[in-house]
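J.: this one's structure only:
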């Protein structure tokens, strides 16, 4: 998901998306451990999306504190 798309979401929606990504990431790690993982690039995409969400949350918190 692009950062511009994530910036349009509310705080609750970001939290929801973050939970979904963590769940999917956990499932993919389990699949990788047992040798069933076929979409190896998806793990990297999820990790980057999680980092984007954390960055946007930090930006929003900084903006709220400055106001």
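T.: Thanks, I have the structure now. This is a predicted model, so every value here is computed, not measured. Numbers count the residues shown, from 1 in each chain.

J.: Let's see the pLDDT reported for residue 34.
T.: Residue 34 is assigned 96 on the pLDDT scale.

J.: OK, contacts around it?
T.: Neighbour list for residue 34: empty [criterion: Cβ atoms under 8 Å, 6 or more residues apart in numbering]. Every residue, glycine included, has its C-beta placed from N, CA and C.

J.: how close does it get to residue 27?
T.: To residue 27, residue 34 is 11 Å away according to Cβ to Cβ, to the nearest Å.

J.: and if you look at residue 62?
T.: Residue 62 is 32 Å from residue 27, by Cβ to Cβ.

J.: ok, longest helix in the chain?
T.: Of all the segments of type helix in the chain, defined by DSSP state H, the longest one is helix 40-66.

J.: Give the buried residues for that one.
T.: Within helix 40-66, the residues that qualify as buried by neighbour count (16 or more other Cβ atoms under 10 Å) are 43, 46, 49, 52-53, 56.

J.: Pick out the residue closest to the middle of this protein.
T.: residue 50 (2.5 Å; Cα atoms, centre = their mean).

J.: ok, that residue touching residue 23?
T.: No: using Cβ atoms under 8 Å, residue 50 is not in contact with residue 23; the gap is 11.3 Å.

J.: which ones are touching residue 26?
T.: By Cβ under 8 Å, 6+ apart, residue 26 lies in contact with nothing.

J.: and what of residue 46?
T.: So residue 46 contacts 21, 24-25, 28 (Cβ under 8 Å, 6+ apart).

J.: can you count the residues close to the residue nearest to it when sequence neighbours are not counted?
T.: Nearest residue to residue 46, sequence neighbours excluded (Cβ to Cβ, 6 or more residues apart in numbering): residue 25, at 4.7 Å. Residues near residue 25, counting by other Cβ atoms under 10 Å, number 17.
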